[in-house]
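**Q** what shape does this take:
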Amino acid sequence: MAIIPTLRDGRTLIRPIRLRDARALERELLDNRGWLREWEATNPRGAMSFDTRGSIRALQANARAGQGLPFIIEVDGELAGQLNVSGITYGSTSSASIGYWIAERVAGVGATPASVALATDYCFQQLGLHRMEICIRPENDKSLRVVEKLGFRYEGLRRRFIHINGDWRDHFCFALVAEELRDGVLRRWKAGEAPVDAAHIPDVDRAAAARPFPAW
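**A** Here you go, the predicted model:
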């Protein structure tokens with residue numbers, strides 16, 4: 001089991017999720033329903049229950065198994081979102097994926113890139129992981145800006161990759177490997193040294209994502 005740290009950058013803090021966060025987390029999810037619905041993972045086999053405490057328990061169990069790091073995002077001391085490092089593997093792959101959401105009221109203050117940078121640096125520098133991946137829907141311009149700011153490198157289009165908002169959705173894949181960074185994602189972003197074109201998406205992939213997936 002990896003230790004889930006508390007990490008801070010200015011107004012932004014990420015910390016371990018706790019069962020006592022359930023009520024505040026549920027309130028944020030309900031208050032931001034219109035803001036988040038388009039990007040929420042859904043169940044292809046039927047409706048998903050809205051069980052915040054159950055979801056927290058599942059995330060904590062995954063963390064105890066050493067496969068995830070579930071964080072709460074705080075801005076100015078108030079709960080403002082979630083970030084989850086999932087699919088942690090060691091050995092020959094030594095990799096993980098990052099997913100996140102942020103409340104609309106704090107969008108644009110830099111909390112999301114700061115949170116992603118903090119978590120990525122921890123995974124590289126403390127856990128010894130080699131590769132971190134983020135997959136984003138082509139329509140999610142705000143999330144695409146996060147990987148652009150941090151210099152995540154574009155790796156390709158994944159067709160019908162995750163069930164989101166009621167259907168299988170295409171995603172663009174971005175990643176970083178440890179060799180690309182000398183002093184960390186956060187420091188590079190703050191110094192304005194992230195490569196400006198690393199997250200560039202080729203026109204051919206944008207066009208492919210805009211076309212309906214071919215049916216049998």
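**Q** and the lowest-mean-pLDDT helix or strand in the chain, what's buried?
**A** Least confident helix or strand of the chain, by mean pLDDT, DSSP states H and E, is helix 33-36 with a mean of 88. For helix 33-36, the neighbour count (16 or more other Cβ atoms under 10 Å) marks residue 36 as buried. In short, each C-beta sits where N, CA and C put it, glycine included.
**Q** how about the residue nearest the centre of the chain, secondary structure?
**A** Centre of the chain computed as the mean C-alpha position; nearest residue by Cα atoms, centre = their mean is residue 99, 2.2 Å away. Of the three states, residue 99 takes strand under DSSP: H, G, I helix; E, B strand; the rest coil.
**Q** what's the first helix or strand after the least confident helix or strand of the chain?
**A** Per DSSP states H and E, helix 33-36 leads on to helix 52-64 as the next helix or strand towards the C-terminus.
**Q** now for that next one, which elements pack on it?
**A** Contacts defined by 3 or more Cβ pairs under 8 Å, 6 or more residues apart in numbering; DSSP states H and E place helix 52-64 against helix 22-31, strand 69-75.
**Q** in a strand, residue 67, correct?
**A** No. Checked against three-state DSSP, residue 67 lies outside a strand; its state is coil.
**Q** measure it to residue 52 for me?
**A** To residue 52, residue 67 is 21 Å away according to Cβ to Cβ, to the nearest Å.
**Q** centre of the chain to the longest helix along the chain, how far?
**A** As assigned by DSSP state H, the longest helix anywhere in the chain is helix 111-125. Computed by Cα atoms, centre = their mean, to the nearest Å, the separation of helix 111-125 from the middle of its chain amounts to 10 Å.
**Q** list the buried residues in that helix.
**A** For helix 111-125, the neighbour count (16+ other Cβ under 10 Å) marks 111-124 as buried.
**Q** C-terminal to that helix, what's the next element?
**A** Past helix 111-125, the next helix or strand by DSSP H and E is strand 131-136.
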